[in-house]
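> All I have is the shape, not the residue letters:
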């Protein structure tokens, strides 16, 4: 096993507009990388180039010292020792569960007792041992998913690719499968690349998140890091549920602001620097403190409730500030649409 | 470096070139040869001699007139059945559809023979029922009207299938919206359904017209006795009286047929322009109309039409096979199985014909399947202009009348093949190659639609598992395509087995097919033997169709023609 290196990768399907361009990324050995981005951003194309289903029109893919593909040549997928969980699971309907899982072994010429042991072990890990003789059609969505996973497991591949594997599952199954994936990653030690448009999935699973938009890589960082310190409006908007507001620019290179700095800035939407120099600031809803009945004094920032969504454990509010900008906040007590209230912001991040 | 390929494409580098070469041999070569001979005939003035012959112009006239009349009849019958069976709640749609499509699968010369046995003064059936017209009165079918009527019966299923395909995608909610707007059933039909189904009707009319122009079996049996020659029968008689000029002449004649067909298709194209109504919304117009009291009028009508299209001719054929000689009335005394005995056990000619037709059809069906599997794979995985051109070239021989292809292959193989010094002309191989060419499209269609339904991820998963091209083909693709492949084999077998037009020109002593044997027996006056052979052929057709019906559940939509 070795690390996977994508070097200035580009793909143009001949439409004139590149689907992926200048995409460089190092995936460390044994890492679990989530490739996150809105649909149509080119993340599946990157995945398919890693697998070898598409050839890059620019740049190269290396696994350690070995060249997998560049613009001139490409190692076909069947020789890459990778495995993939497809969005549609891609189980072969004419084979039993055990045959599906064992097929990569069969192709490699493994048979007899070794074959049976390996298949049994792989099915055991995904807790499907007793379903070995069933057909995929007789299984539920989650079980099919686990068969697909077992098929990846059986040959200990260098890289495991997952193409939005949870997109077709309901919320309850999703959580269970996230657990399975994490367990699978720890057990196999394989490098995993997980394509998704769901940031909560990416946060929950990955050791690193790579955010993509319009064919370009925007930022790569561990989940906590990318949540706390996103780069630019797109990443800031994509990760978490924050709101981006424009405030008067603060001198210096400091990017994390606390309450004493923010208070005059929000107030200074009126005073201070008149026009021109402004900055984008990301405010997370958990950093917006809404106080209950203190509508009285001039303390805090005035806002009106635009909408309220009851989420069970709390209320999610969309608030409009005096200057028309929007903030998001959580509240533990009910408020009504149209109410005016006071709030304070305890932390924000300059994008 | 070892093991690297140029592209990330899943197909081996040789695959597409292989398909292109096959298509060049089967589609491009014969037609190019036909065009060459035609052009050289044009250059040396041979064309003028042919064009000045009166027989050519009368044949062209009869071809066009019978084709137009036949198309009108097939439109009337085909539309009636398509509308009733797709849009209303008439009962027993499955069997009705099966029976209605049956005439299309029955060889045209058998249809003609059956109708001759059913009508006229010597009909064994009419005589047995004592309603035969007096002796000496003319056989009414030996006429332009008779030919057109049988064209209509034979090709009505083509109109039915073309229109039905369109009606199936008709938006049911569109019909319901019109109803809610206050339109009566008749208005809905006139204002919504008719305009939307027009493309299907036009397409059906064009297919029917082209098939009529190229039909050989019907005018051969009904036209030749009355000296009514169409272009295909004229070509046939030219070959029978072979002279040094024959090749040039038939090249010109088939060019005229090809031109008439192309004009027909162009008119269709013109008529379809601006009528591409993409249907929006939910489709599936199952039973949009309730027949109500009309049921009691329409149900008998439909069954009576089917009786005259199918049952009556078949019983006439059976009666013709059971009487000892043409003209003898069928009674319990005269009835015998002598004719069946004769063709199955005594006549070497019919036995050879059985062996020839079955082995030709088998070889065509299975041989084509190997080619179509590879072609379908290559064509569905590539989505560029080249693959569209190749798909188009595969369609051409099937959409041209069979007689044109037969003439083209004669022209290609009349001389020994260069370098190999082997002559295929007069052997069974030339028939086989012509079948390959003509039925390529028939074989390809079910396989291609199965490939389109196949999730590409299934193959990609096998690639990542490490399986190479042939391994994937054997382990993943073939098992998943198998039902469609089975349908393809049966369809091609069915059509090839009953084929007459191509083999009528290409056969020689010892290589006659069933179609040729039936025609020759009838031509030499042994109508009882011809009828007996025809009865066996019809039984075989029905059995094969039932086999397809059994397979139907596992097939992609549209593979079994008569099922929705």
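Thanks, I have the structure now. It should be emphasised that the depicted structure is a prediction, and the values quoted were computed from it without experimental measurement. Residues are numbered from 1 along each chain as shown, chains lettered A, B, ... in the order given.
> Please report how far residue A:300 lies from residue A:243.
The gap separating residue A:300 from residue A:243 is 17 Å, by C-beta to C-beta, to the nearest Å. From N, CA and C alone the C-beta is placed, and that goes for glycine too.
> no, scratch that, I was asking about residue A:181
Where residue A:243 is concerned, residue A:181 sits at a distance of 31 Å (C-beta to C-beta).
> Just want to know which of these two has more residues nearby.
Using other C-beta atoms under 10 Å in any protein chain shown, the more surrounded residue of residue A:181 and residue A:243 is residue A:181, with 24 against 21.
> what about residue B:84, which helix or strand?
Element membership of residue B:84, judged by DSSP states H and E, is helix B:54-87.
> Report the distance from the helix or strand following that helix to the chain centre.
Remark: after helix B:54-87, the chain's next helix or strand is helix B:93-105, criterion DSSP H and E. Relative to its parent chain, helix B:93-105 has a centroid offset of 15 Å by C-alpha atoms, centre = their mean, to the nearest Å.
> Now do helix B:93-105 and helix B:54-87, the angle between them.
170 degrees (axes from the mean of the first three to the mean of the last three C-alpha atoms, to 10 degrees).
> Quick one: list the elements packing against helix B:93-105.
Using 3 or more C-beta pairs under 8 Å, 6 or more residues apart in numbering or on different chains; DSSP states H and E, the elements in contact with helix B:93-105 are helix B:54-87, helix B:144-168, helix B:295-306, helix B:527-551.
> winner for burial among these?
A comparison of the helices and strands packed on helix B:93-105 by mean neighbour count, using mean count of other C-beta atoms under 10 Å in any protein chain shown, puts helix B:144-168 on top with a mean of 24.
> quick revisit: angle of the helix holding residue B:84 against helix B:295-306?
Interaxial angle of helix B:54-87 relative to helix B:295-306 (the same axes, to 10 degrees): 150 degrees.
> quick one: the strands in the stretch 201-350 of chain A?
Assigned by DSSP state E, counting those that start in this stretch, the stretch 201-350 of chain A shows strands spanning A:208-213, A:216-221, A:243-248, A:256-258, A:278-283, A:288-291, A:301-310, A:315-321, A:326-331, A:340-345, A:347-350.
> What ranges in the stretch 251-351 of chain A fall below the confidence cut-off?
Applying pLDDT under 70 to the stretch 251-351 of chain A flags the ranges A:268-276, A:292-299.
> ok, residue B:490 - contacts?
B:365, B:544, B:547-548, B:551 (C-beta atoms under 8 Å, 6 or more residues apart in numbering or on different chains).
> now residue B:131, what's its secondary structure?
Following DSSP: H, G, I helix; E, B strand; the rest coil, residue B:131 is assigned to coil.
> got it, and residue A:17?
coil.
> Can you report how many residues lie near it?
Other residues near residue A:17 come to 10 when the count uses other C-beta under 10 Å.
> Not counting sequence-adjacent ones, nearest residue to residue A:5?
residue A:62 (4.3 Å; C-beta to C-beta, 6 or more residues apart in numbering or on different chains).
> helix or strand for the one you found, which one?
Element membership for residue A:62 (DSSP H and E) is strand A:58-63.
> Excluding its own residues, what touches that strand? List them.
Taking C-beta under 8 Å, 6+ apart as the rule, strand A:58-63 contacts A:2-12, A:21-24, A:49-50, A:67-71, A:80, A:158-159.
> In helices only, show me those residues.
Counting by DSSP state H, the part of the contacts of strand A:58-63 found in helices is A:49-50.
> So among the contacts of strand A:58-63, which ones count as buried?
The neighbour count (16 or more other C-beta atoms under 10 Å in any protein chain shown) marks A:4-7, A:9-11, A:21, A:23, A:49-50, A:67-70, A:80, A:158-159 as buried among the contacts of strand A:58-63.
> and residue A:253, how many residues sit next to it?
6.
> and residue B:328, helix, strand or coil?
coil.
> how near is it to residue B:125?
As judged by C-beta to C-beta, residue B:328 and residue B:125 stand 12 Å apart.
> Would you mind telling me which of the two has the busier surroundings?
Shown here are residue B:328 and residue B:125; by other C-beta under 10 Å, residue B:125 has more neighbours (23 against 16).
> what packs against the helix or strand containing that one?
Per DSSP H and E, residue B:125 falls inside helix B:124-128. Packing contacts for helix B:124-128, counted by 3+ C-beta pairs under 8 Å, 6+ apart, involve helix B:108-118, helix B:312-322.
> and the stretch 451-564 of chain B, which residues reach chain A?
Contacts of the stretch 451-564 of chain B with chain A, taken as C-beta under 8 Å from any C-beta of the partner chain, map to B:455, B:457-458, B:460-468, B:471, B:475-476, B:479-480.
> Just the buried ones from these?
With neighbours counted by 16+ other C-beta under 10 Å, these contain buried members at B:455, B:457-458, B:460-467, B:471, B:475-476, B:480.
> quick one: the helices in the stretch 251-400 of chain B?
Assigned by DSSP state H, counting those that start in this stretch, the helices in the stretch 251-400 of chain B fall at B:295-306, B:312-322, B:338-341, B:348-381, B:385-399.
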